[in-house]
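> Predicted model, plus sequence, below.
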Amino acid sequence: MKITYFISLEKRVQQIISVRLVIEEITDPQVQITLPNWTPGSYKIRDYSGRIRSISFRTQTGTILKAAKLDKSSWKVTRDETGTVEVVYEIYASELTPRTSHADATHALLNPSGLLFYVEGYKEQTSEIELSIPDGWHITTGLEKIDGNRFRATNYDILADTPFEIGTQQVFTFRVDGREHEISIYGNPQMDLGTFVADVEKIANAASSMMKGIPCKRYCFIFDFSDTRGGGLEHLNSTVIIMDRLMPLSQKSYRAMLSTVAHEYFHMWNVKRIRPVELGPFNYKVENYTNMLWFAEGITDYYANKLLLRAGIVDRSGFFEYMARHINTYFDRPGRKRQSLYESSFDSWIKQYQPTADTLNSSVSYYLGGMMLGFALDLKIVTTTLGQKSLDDLIRLLFEKYRKDGKGYTEKDLLGGLKEITGQDLTAFIDSYVKGIEEIPFESLMVGAGLELTVKQLEEGWSGIILKREGATTKVVSVVEGSSAWDADLIAEDEILAVNGIRISEKMISSEDRWYEGKLDRFARLFPQSASITFFRRSELMTTTYVPKNFGRDVSIKESKDQEARVRKMLEKLLAG
């Protein structure tokens with residue numbers, strides 16, 4: 001069988017991508033095609049077939065073929081004596097995210113998993129992709145180039161995992177470990193691109209140094225800057241990252257952007273090669289469940305910030321401040337006492353990408369919780385081995401396993417790797433803090449590595465109310481269980497009008513959400529005593545009494561003074577690897 005995709009951007013101004021899929025040398029009487037329902041790395045059913053505007057089935061001479069729709073995303077086509085089927089269809093591409101395709105007069109971002117059909121039973125088949133693009137435009141992609149605008153994918157999984165940026169994007173290149181890295185930048189970001197490219201190169205060098213080389217021949221960073229921040233998505237030898245071009249470039253926001261870069265880049269090892277056994281080969285039609293996303297995503301998040309340290313972008317105090325802030329957030333989330341990281345990973349399909357107002361009270365993010373476990377595991381390994389090993393060694397060990405057998409890891413493999421590294425059975429550790437909901441003993445873990453954890457009760461308290469401004473209105477987004485706002489019986493979507501008879505304003509709302517910054521919200525500071533809150537609930541005027549109380553903690557981490565040599569060795573191992 002021969003499979004070729006012809007992609008046209010002729011209707012890009014109308015945000016339409018045209019595709020002609022040609023399937024030749026068919027020997028079976030019928031052929032079945034399917035468009036994926038989700039994208040690897042983003043664990044939610046997205047029903048990409050809903051974006052199909054039109055679809056037809058024919059021979060190369062134009063004769064219409066009989067086709068039956070089997071379900072929301074699959075068709076079965078009966079071939080004729082020529083043994084060739086052409087599928088001609090259009091995709092509406094109006095959503096600019098790392099998970100979708102987007103096209104307009106200025107560029108096109110193609111995500112094949114939501115754009116290109118696969119042939120059932122032939123996902124291992126090599127395919128070719130030919131793109132028809134406007135004059136003056138060029139292509140950035142990690143896919144193997146044949147010539148001109150023609151590319152080759154050795155199987156569908158690789159095709160689905162390789163995005164394309166097409167347009168007049170700026171391109172920068174550098175080499176790490178002799179491997180070319182291409183940076184594509186679309187959207188006219190308001191920042192110093194020279195500094196940005198240099199920092200991305202530092203991150204790549206730090207990761208390569210840790211992992212002893214780059215596992216692909218070439219790597220592409222695709223950055224699309226728009227009017228919203230869309231996050232990032234990892235791919236086998238590339239990443240797509242959507243950023244807000246008007247984001248105020250404070251030191252904090254710039255670091256957050258580089259953290260996203262480091263996170264997606266480290267996925268080149270952790271997830272794309274070191275992966276849970278359930279995540280590949282993929283079943284694109286249904287959910288692919290795993291309990292290991294805390295390791296796949298959370299450990300990656302831990303390393304994202306450790307790479308910034310090793311790249312010299314942040315210093316040691318900055319790294320510890322970042323970890324303390326996230327421990328703060330972790331402590332603040334009541335859901336950690338209800339859901340384990342094991343369960344959170346499995347429930348990703350119904351929770352992580354579909355949050356409700358109660359999410360922070362009833363669940364824990366495997367990103368945040370996994371980062372905490374990464375820090376805890378690193379401390380455990382370093383102190384257990386007296387500074388001989390660190391979490392780096394486990395990551396490298398799992399990578400060597402992949403290089404030998406090409407298969408994903410199981411929970412047994414992970415526990416076996418931990419035992420090989422530390423000489424101890426850490427099953428109880430995993431049972432308590434990954435499968436269970438026991439409190440991670442950060443303080444005792446840190447002491448052995450020369451760190452001091454200080455946890456203070458917030459003197460002024462935290463209201464526990466998360467608000468958002470919508471024009472001139474202020475609405476409740478969520479209320480943290482056990483907080484003063486919770487006791488005041490406020491709920492999501494309540495529209496706050498006044499406090500103590502004074503109209504609510506921007507000055508009463510925290511400009512920096514405590515959930516991410518570990519700061520006191522202004523609401524609690526302005527009203528340290530009981531207050532009367534007037535609000536609308538479904539257009540009905542209501543009043544409640546807010547009574548402040550001590551709620552929330554403030555965490556800090558610092559290096560111990562007068563460390564012994566053996567303790568300094570463990571701390572250096574933790575930080576430098």
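It's in.
> Tell me the predicted confidence for the nearest residue to Val171 once chain neighbours are set aside.
Spatial nearest neighbour of Val171, excluding adjacent residues (C-beta to C-beta, 6 or more residues apart in numbering): Ser184 at 5.7 Å. Every residue, glycine included, has its C-beta placed from N, CA and C. At Ser184, the model reports a pLDDT of 98.
> What residues are bridge-paired with Ser184?
Beta-bridge pairing of Ser184 under DSSP bridges involves Val171, Ile222.
> Centroid-wise, who is the farthest residue in this structure?
Residue farthest from the centre of the chain, counting by C-alpha atoms, centre = their mean, is Glu81 at 46.9 Å.
> for the residue nearest to Val171, what are its contacts?
Neighbouring residues of Ser184 by C-beta atoms under 8 Å, 6 or more residues apart in numbering: Thr140, Glu165, Gln169, Gln170, Val171, Cys220, Phe221, Ile222, Phe223.
> And the strands in the stretch 301-450 of the chain, which stretches?
With DSSP state E, counting those that start in this stretch, there are no strands along the stretch 301-450 of the chain.
> repeat for the stretch 451-577 of the chain
Taking DSSP E, counting those that start in this stretch to define them, one finds strands in the stretch 451-577 of the chain at 451-457, 465-470, 473-479, 495-499, 502-503, 531-537, 540-546, 553-559.
> before we move on, back to that, ok, of the contacts of Ser184, which come out buried?
Thr140, Glu165, Gln169, Cys220, Phe221, Ile222, Phe223 (16 or more other C-beta atoms under 10 Å).
> Let's have those residues in CSV, adding distance to Asp177 and pLDDT.
Output for these, formatted as CSV (distance: C-beta to C-beta, whole Å; pLDDT from 0 to 100):
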residue, distance to Asp177, pLDDT
Thr140, 21, 98
Glu165, 24, 98
Gln169, 25, 98
Cys220, 16, 98
Phe221, 16, 98
Ile222, 21, 98
Phe223, 22, 97
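> Pick the one among the contacts of Ser184 closest to Leu193.
Gln170 (7.2 Å; C-beta to C-beta).
> what separates that closest one from Asn188, distance-wise?
Going from Gln170 to Asn188 by C-beta to C-beta, to the nearest Å gives 9 Å.
> what do you get for Asp301?
On the measure of C-beta to C-beta, Asp301 and Asn188 end up 29 Å apart.
> Those two: which has the busier surroundings?
Counted by other C-beta atoms under 10 Å, Asp301 and Asn188 do not tie: Asp301 has more neighbours, with 24 against 9.
> The more buried one reaches Tyr367, doesn't it?
Yes: the criterion here is C-beta atoms under 8 Å, and Asp301 meets it with Tyr367 at 5.3 Å.
> so where is the stretch 201-350 of the chain shaky, pLDDT-wise?
248-249 (pLDDT under 70).
> same thing but 90
Low-confidence segments of the stretch 201-350 of the chain, defined by pLDDT under 90, span residues 227-230, 244-253, 280, 329, 332.
> on that earlier part again, which of the contacts of Ser184 sit farthest apart?
The largest separation in these, counting by C-beta to C-beta, is between Gln170 and Cys220 at 13.4 Å.
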